[in-house]
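Trainee: Starting from these lines, generate the structure:
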Amino acid sequence: MSLTIKADVTKTLSAVAAACDLVDRRLQNHGERVAYIAQQIGSHIGLDKERLNLLTLSSLVHDIGIVTTREKLELADFNPDSAIVSRHAKRGYDLLMTTRYLQALAQPVLEHHEHYREDLDLIPAIIFVADRVELLLHRDEYYLWQTDRVVQRVRDHIGTIFHPEVVECFADLAQKPSLWLDLQTGNYVKAIRDNPDMMHVLSMEELEDIAELFATIVDSKSPFTATHSSGLAAKAAIMAEKLGMEPLKVRQMRLAALLHDIGKLAVPEEILVAPRKLTREEFAVMQQHTYHTYYLIGMLGDGLESIQRWAAYHHERLDGSGYPFGLTGDQLDMECRLMAVLDVFQALTEDRPYRSPLSLEETGAILRKEVQAGHLDGDLVDLIMKHGEELINPAS
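Mentor: Presented below is the predicted three-dimensional model:
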């Protein structure tokens, strides 16, 4: 197995954007579409390479401060409530400031809904116009029929809401059919993810930093899972060391754990926090999260195939009864099996809307029933329960 990872920063932040946009079909790929429009405006206006890259990356994560589906839909209004605008922009700023390598994106995200003023930097001003333009488009209509309406709507607010230079640049750019056709056909993806001027292979430290951001965004969707991903990551690292894995592989197991639930960004909050057993229909929605996790990790770059499996197969079961791929034991390596057991252990020992954390004794009993049912690896369950106290209280 190769341990060489070549994750690209633009593709990774595109995955962040795609994950954040999964929750509502009407807004899927909003972040990447905004980034493409912003990139085209920035290039047309004459930003240098460094500023253009900052603009594109900031555009990709401009909405990471949105927590709920309702908030996302309210912000899709052309002129949303100022309190909602301020809250999500500040939350996005705070999230980015907790990272080590993405802090440069924080200020543009904070200001991307700021109304025009003379001292407003061009980058958030461009993101604001690109964001509103993308939302003005009716996706079920031919885009070239909409250009005059969209341009006029933006022009109506020149010098009051939108930066005059940005509006004039956009209006000029809008005369090119390729701008709209790239958006309608999906060809904008190549301009964002495969732009040679934006290529930057992430170091392991940078990738871990973004994975921690991913985990924070996912876990913040419910107060009952506020530390689920970080808790699983700590447990995965502990058990990987006890199983004698080399240091780099231990870090990769931790990385997989941080990313294992990113597909939950596609699941509505009312399902994630339901204080009862899910209905059949709700469970079907929940089951999609590991499918999305698999393909989102695949977006990050080359060399992540093992991490992709370890993260996304945590609901697969040895007898083939798991989801989303229905894999069986001979298709699940030890790392996948370990992550599956640890995920159950983590879930049982943390607070949930319908119950308090279970004791180690109760947790062990449930895990052993899962072994008897042919779902989980018995040797790994025994090993994890042997170190159960340490896993719950790692500092003890």
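Trainee: Low-confidence stretches in the stretch 251-396 of the chain?
Mentor: Where the stretch 251-396 of the chain drops to pLDDT under 70, the residues are 353-354, 395-396.
Trainee: Can you list the residue ranges for helices in it?
Mentor: Using DSSP state H, counting those that start in this stretch, the helices of the stretch 251-396 of the chain run over 269-272, 280-298, 305-312, 334-348, 360-372, 378-386, 388-392.
Trainee: and the angle for the second one with helix 305-312?
Mentor: Per axes from the mean of the first three to the mean of the last three C-alpha atoms, to 10 degrees, the angle that helix 280-298 makes with helix 305-312 is 160 degrees.
Trainee: Which elements pack onto helix 280-298?
Mentor: Using 3 or more C-beta pairs under 8 Å, 6 or more residues apart in numbering; DSSP states H and E, the elements in contact with helix 280-298 are helix 9-20, helix 247-259, helix 269-272, helix 305-312. For glycine as for every other residue, the C-beta is placed from the backbone atoms N, C-alpha and C.
Trainee: and the last one, what does it pack onto?
Mentor: Here helix 305-312 touches helix 247-259, helix 280-298, helix 334-348, going by 3+ C-beta pairs under 8 Å, 6+ apart.
Trainee: Now render the ones you listed as CSV, adding mean neighbour count.
Mentor: Below are the helices and strands packed on helix 305-312 laid out as CSV (neighbours: other C-beta atoms under 10 Å):
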stretch, mean neighbour count
helix 247-259, 23
helix 280-298, 18
helix 334-348, 22
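Trainee: Compare those and give me the one nearest A174.
Mentor: helix 280-298 (31.7 Å; C-beta to C-beta).
Trainee: Now do that closest one: everything it contacts.
Mentor: Helix 280-298 is contacted from outside by 15, 18-19, 22, 259-268, 271-272, 274, 278, 304, 307-308, 311-315, 323-325, using C-beta atoms under 8 Å, 6 or more residues apart in numbering.
Trainee: Can you give the distance of that helix from its chain's centre?
Mentor: Relative to its parent chain, helix 280-298 has a centroid offset of 13 Å by C-alpha atoms, centre = their mean, to the nearest Å.
Trainee: Compute the inter-axis angle for it and helix 247-259.
Mentor: Calculated by the same axes, to 10 degrees, helix 280-298 forms an angle of 140 degrees with helix 247-259.
Trainee: May I have helix 280-298 exported as PDB, CA atoms only?
Mentor: Taking C-alpha atoms only, helix 280-298 is exported to PDB below (Å, rounded to 0.1, in the frame of the first residue of the first chain):
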ATOM      1  CA  ARG A 280     -37.700   4.100   7.200                       C
ATOM      2  CA  GLU A 281     -37.600   7.100   4.900                       C
ATOM      3  CA  GLU A 282     -35.400   9.100   7.300                       C
ATOM      4  CA  PHE A 283     -33.000   6.200   7.600                       C
ATOM      5  CA  ALA A 284     -32.700   6.000   3.800                       C
ATOM      6  CA  VAL A 285     -31.600   9.600   3.800                       C
ATOM      7  CA  MET A 286     -29.100   8.900   6.600                       C
ATOM      8  CA  GLN A 287     -27.600   6.000   4.600                       C
ATOM      9  CA  GLN A 288     -26.400   8.300   1.900                       C
ATOM     10  CA  HIS A 289     -23.800  10.000   4.100                       C
ATOM     11  CA  THR A 290     -21.100   7.300   3.700                       C
ATOM     12  CA  TYR A 291     -21.600   7.300   0.000                       C
ATOM     13  CA  HIS A 292     -21.000  11.000  -0.100                       C
ATOM     14  CA  THR A 293     -18.000  10.600   2.200                       C
ATOM     15  CA  TYR A 294     -16.400   8.100  -0.200                       C
ATOM     16  CA  TYR A 295     -16.700  10.400  -3.300                       C
ATOM     17  CA  LEU A 296     -15.900  13.600  -1.500                       C
ATOM     18  CA  ILE A 297     -12.600  12.200  -0.300                       C
ATOM     19  CA  GLY A 298     -12.000  11.000  -3.800                       C
END
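Trainee: quick one on the thing from earlier: kindly reformat the helices and strands packed on helix 280-298 as JSON lines containing distance to R139.
Mentor: Shown next, in JSON lines, are the helices and strands packed on helix 280-298 (distance: least, C-beta to C-beta, whole Å):
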{"stretch": "helix 9-20", "distance to R139": "16"}
{"stretch": "helix 247-259", "distance to R139": "29"}
{"stretch": "helix 269-272", "distance to R139": "24"}
{"stretch": "helix 305-312", "distance to R139": "28"}
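Trainee: how about the strands of this structure, start to end?
Mentor: 6-7, 301-302 (DSSP state E).
Trainee: Could you please name the strands the last one pairs with and the direction of each pair?
Mentor: Looking at strand 301-302 with DSSP bridges, its partner strands are strand 6-7 (antiparallel).
Trainee: Give me the contacts around the partner strand.
Mentor: By C-beta under 8 Å, 6+ apart, the list of residues contacting strand 6-7 from outside reads 201-202, 207, 300-304.
Trainee: with these in mind, which one is nearest to D140?
Mentor: Among these, L300 lies closest to D140 (C-beta to C-beta), at 30.9 Å.
Trainee: Ignoring the adjacent residues along the chain, who's closest to that closest one?
Mentor: Sequence neighbours aside, A7 is the residue nearest to L300 in space, at 4.4 Å (criterion: C-beta to C-beta, 6 or more residues apart in numbering).
Trainee: tell me the pLDDT at the one you found?
Mentor: A7 is assigned a pLDDT of 89 by the prediction.
Trainee: give me the beta-bridge partners of it?
Mentor: Where A7 sits in a bridge, its partners, by DSSP bridges, are G301.
Trainee: Pull the number of nearby residues for it.
Mentor: By other C-beta atoms under 10 Å, the residues close to A7 number 25.
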